[in-house]
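Peer 1: Provided below for reference: sequence and predicted model.
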Amino acid sequence: MKEFIENNPRVMGILIVVLTASIYVLQGSYKEDLEVALLILAGIVMLVAVPTIYFLPALVASKREHKQKTAITVLNLFLGWTVLGWVGALVWAVTN
C-alpha cells in the first residue's frame, strides 16, 4: 500500500484534502452537524473508491503494460458491471 501511494501522488493528495476537509467541518460541530459531515465524507470516499474498484482490472493492465490493455479496458468498461465480466477482465489483466 505504501508503494502504491508513493507511486500515485494524486491518491495522497485526495486523502489529504478529504482529511483536511473533514477536520475543518468537524471543528465545533454539534451532533447533527457531525452526522451530516460523516455522510458527506462517506460520499466523497465512495466517489473515489467505487470507480477505482470498478476499473481495477484496467488499472492493473495499464500498470503491468499488458499487450491487450485496451481490450481489457473496453471489456471492463462495458461488462465490468457483471461480476463475470469484472472477474474475467481482472484475470486477463494479471495473466501474460
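Peer 2: On my side now, so go ahead.

Peer 1: next SSE after the one helix or strand residue 12 maps to?
Peer 2: Applying DSSP states H and E as the criterion places residue 12 in helix 9-26. Per DSSP H and E, helix 9-26 leads on to helix 31-54 as the next helix or strand towards the C-terminus.

Peer 1: Now name the helix or strand holding residue 59.
Peer 2: helix 56-63.

Peer 1: so for that helix, what's the average pLDDT?
Peer 2: The pLDDT scores in helix 56-63 average 95.

Peer 1: list the helices and strands that helix packs on?
Peer 2: The helices and strands touching helix 56-63, judged by 3 or more Cβ pairs under 8 Å, 6 or more residues apart in numbering; DSSP states H and E, are helix 69-79, helix 83-94. All C-beta atoms are positioned from the backbone trio N, CA, C, and that covers glycine.
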